[in-house]
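Engineer: quick one, what's the 3D model for this:
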Amino acid sequence: MNQSVYVSLSLIGLVGIVGAGVAVGSGVGMMTMQLAAAEQQEQAKAVAHTPVERKITVSKGFAASAEQ
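Structural biologist: As a prediction, this is how the structure comes out:
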């Protein structure tokens, strides 16, 4: 009786260790795939070679805007 209890407890422990290993491995795999997908998405973005030039207007206030 005692030997069968020890065998069943050791099998349960072994299955628990294997299950934890699978859980950690799948988590690492999911993080790796997410990182790879983020890198691909970043590379797919269109990047302008020259910055867009914008006209900068200096505001002198409401009263000065009528004089031109």
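Engineer: drop to CA atoms for contacts and neighbour counts, all remaining ones
Structural biologist: Fine.
Engineer: quick one: average pLDDT of whichever strand or helix holds Gly16?
Structural biologist: Using DSSP states H and E, Gly16 falls within helix 2-44. On average, the pLDDT along helix 2-44 is 88.
Engineer: gap between Gly16 and Ser4?
Structural biologist: 18 Å (C-alpha to C-alpha, to the nearest Å).
Engineer: tell me which of the two has more neighbours.
Structural biologist: A direct count of neighbours by other C-alpha atoms under 10 Å for Gly16 and Ser4 places Gly16 higher, at 12 against 9.
Engineer: for the more buried one, give its distance to Val22.
Structural biologist: For Gly16, the distance to Val22 (C-alpha to C-alpha) stands at 10 Å.
Engineer: Ala36 too?
Structural biologist: In this view, Ala36 and Val22 are 21 Å apart by C-alpha to C-alpha.
Engineer: next, count neighbours for Gln41.
Structural biologist: Close neighbours of Gln41, defined as other C-alpha under 10 Å, add up to 10.
Engineer: pull the contacting residues for it.
Structural biologist: Going by C-alpha atoms under 8 Å, 6 or more residues apart in numbering, Gln41 touches no other residue.
Engineer: any common contacting residues for Gly16 and Val22?
Structural biologist: By C-alpha under 8 Å, 6+ apart, no residue touches both Gly16 and Val22.
Engineer: retrieve the pLDDT associated with Thr57.
Structural biologist: 68.
Engineer: could you do Glu67 as well?
Structural biologist: Value listed for Glu67 in the pLDDT field: 54.
Engineer: next: Val52.
Structural biologist: pLDDT recorded at Val52 is 67.
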